[in-house]
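Visitor: Return atomic coordinates for the entry below.
(one chain, ligands or ions: 2)
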Amino acid sequence: MRLYRATLMHTPGNPFQMPGTLQALDDGALLVDEQGKIAAAGPHAELRAASPGAEVTDLRGGMLLPGFIDTHVHYPQVRVLGGLGMQLLDWLEQITLPEEARLADNTYAGSVAREFLSALAANGTTTALVFGSHFAGAMEVFFSEAARSGLRVVAGQVVSDRLLRPELHTTPDRAYQEGRALIERWHGVGRSLYAVTPRFSLSASEGILGACAALMAEFPEVRFTSHINENPREVGAVRALFPGARDYLHTYEQAGLVTPRSVLAHSVHPSERELGVMAAQGCSAAHCPCSNASLGSGLFPLRRHLAAGVHVSLGTDVGGGSGFSMLKEGLQAYFTQQLLGEAGTPLGAERLLYLATRAGAEALGLEDQVGDFSVGKAFDAAYLRPEPGGTLATVLAHAPSAERALSALFTLGTQGDVAQVWVQGEAVYRRQTPVSGVSG
Ligand SMILES: Nc1nc2[nH]cnc2c(=O)[nH]1
Ligand SMILES: [Zn+2]
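Guide: Numbering: from 1, shown residues only. Ligands and ions are numbered 1, 2, ... in the order given. Below is the predicted model of the structure:
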């Protein structure tokens, strides 16, 4: 048993439904067993007295949060982060798809996978719904690197058969065969799950969507993810490609792909009908505010999603977004709702922490395992400890409440403030502190 002593914060409920779910313990502790599960949580003095033999990891002087859960992030796009200046379709054609084509080479794909996974860990992300590569070989490489990283990944081969680049296109039959092989090799192995992943209806014909549906039917535990209603030109293109469909969502609905296992990224321009169906089917929306701002896609109508009963989680959408930090993503979600004014939904600290942690677990059907520090869940955690003398350290030293400390973290926190990260009690990242006094 190991006792982690820290200032703890987590949201074991949904603050949009039940305000006041933020639980903060100034001098708290988590008792973690040999399987990496939380055996007890509470005031440090109490837990220490009850488990005098437990080894102690003293994490005072920072903040211990549940590991972040990123529900939309592209493995092949880490190297094109910062490709600014365009909207979605031009950005795809000029920046992103040429890079994704390079993953035909497994050695290249391996380097990218390692860069991608270490960036997730260094930012405190312990679970990610990962948009994969079009190449089966690059997915094999990804899953084996993910196993080495210790992170929890839900990932899948991206499939399409038109309007991208020829080398990224496949056929319905090959998409089914390659997907099936990847599922049988990797789904449920270690901390990996599979997600059936057509890129978006613009590049996935009914045949491809049908192959995805066949995999979903054959493997009832796999997840599903794609894009929807991100950009007006994209929406228009999809409507033209599917003249019989009532709207964008209907293209996935007709194939039976809108399910409780489904997470659709963006949903910036939904119709009321689409929101109603997503809610009725238990399908989640992955809100990616940095990407929506960077690609000029629009301001996410969070209030409409919540009013319709659609579950919303958070995603960084690397490389369309602006990096791996879920703290920055939460801050951008706050900005977006502020800019919507009366039509916005105010996002205080507890809602931001929920969106960055438990909401993602719920979207992935993993809320009984991860997403907060409830007893029985895995010890997946991020220890945030700012360097002394920095602005965040200053603000935290004077924060009048847990909420203000947490909102300061979302406002000022960066990758550099992540000191250590665990998945299932196993350290997956530790910040290399420069040897003090060494100049240059
Ligand atoms: N943001 C984003 N939207 C997409 N729609 C289809 N592919 C992509 C992608 O790679 N990024
Ligand atoms: Zn995306």
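Visitor: pretty sure residue 38 is touching residue 381, no?
Guide: No: judged on C-beta atoms under 8 Å, residue 38 makes no contact with residue 381 at a distance of 9.4 Å. The way it works is simple: take the backbone N, C-alpha and C, and place the C-beta from them, glycine included.
Visitor: hey, what's in contact with both of the two?
Guide: Listed as contacting both residue 38 and residue 381 by C-beta atoms under 8 Å, 6 or more residues apart in numbering are 30, 373.
Visitor: Compare those two and say which one has the larger neighbour count.
Guide: residue 381 (26 against 21; other C-beta atoms under 10 Å).
Visitor: Who are the contact partners of the more buried one?
Guide: Applying C-beta under 8 Å, 6+ apart, we find residue 381 in contact with 4, 30, 64-67, 126, 373, 421-422.
Visitor: Which ones among those map onto strands?
Guide: Among those, the members falling in strands (DSSP state E) are 4, 30, 64-66, 126, 421-422.
Visitor: helix, strand or coil for the residue of the stretch 51-200 of the chain found nearest ligand 1?
Guide: Here the stretch 51-200 of the chain gets closest to ligand 1 at one residue, residue 200, 4.3 Å apart by C-beta to the nearest ligand atom. Secondary structure, DSSP: H, G, I helix; E, B strand; the rest coil: residue 200 is coil.
Visitor: In space, what's closest to it - neighbours in sequence excluded?
Guide: Nearest residue to residue 200 in three dimensions, chain neighbours excluded: residue 227, at 4.1 Å (C-beta to C-beta, 6 or more residues apart in numbering).
Visitor: for the one you found, helix, strand, or coil?
Guide: strand.
Visitor: what sits against it?
Guide: Contacts of residue 227 by C-beta under 8 Å, 6+ apart are 199-200, 234, 264-266.
Visitor: Buried by neighbour count, from these: which ones?
Guide: By neighbour count, with 16 or more other C-beta atoms under 10 Å, the contacts of residue 227 hold 199-200, 234, 264-266 as buried.
Visitor: For the most centrally placed residue in the chain, list each beta-bridge partner.
Guide: Centroid-nearest residue in the chain: residue 70, 1.1 Å away (criterion: C-alpha atoms, centre = their mean). Counting by DSSP bridges, residue 70 is bridged to residue 128.
Visitor: What strand or helix carries residue 360?
Guide: helix 358-363 (DSSP states H and E).
Visitor: now do residue 174
Guide: Per DSSP H and E: helix 172-186 holds residue 174.
Visitor: Which secondary structure elements does that helix sit against?
Guide: Packing partners of helix 172-186 (3 or more C-beta pairs under 8 Å, 6 or more residues apart in numbering; DSSP states H and E): helix 136-149, strand 192-198, helix 206-218.
Visitor: in its sheet, what does the second one sit against?
Guide: Right, the one you point to is strand 192-198. strand 152-156 (parallel), strand 158-159 (parallel), strand 223-228 (parallel).
Visitor: Format those as JSON lines; extra columns: distance to residue 46 and mean pLDDT.
Guide: Below are the strands paired with strand 192-198 laid out as JSON lines (distance: least, C-beta to C-beta, whole Å; pLDDT from 0 to 100):
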{"stretch": "strand 152-156", "distance to residue 46": "30", "mean pLDDT": "99"}
{"stretch": "strand 158-159", "distance to residue 46": "49", "mean pLDDT": "99"}
{"stretch": "strand 223-228", "distance to residue 46": "38", "mean pLDDT": "99"}
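Visitor: Turn those into JSON lines, including distance to residue 101.
Guide: Formatted as JSON lines, these follow (distance: least, C-beta to C-beta, whole Å):
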{"stretch": "strand 152-156", "distance to residue 101": "18"}
{"stretch": "strand 158-159", "distance to residue 101": "12"}
{"stretch": "strand 223-228", "distance to residue 101": "19"}
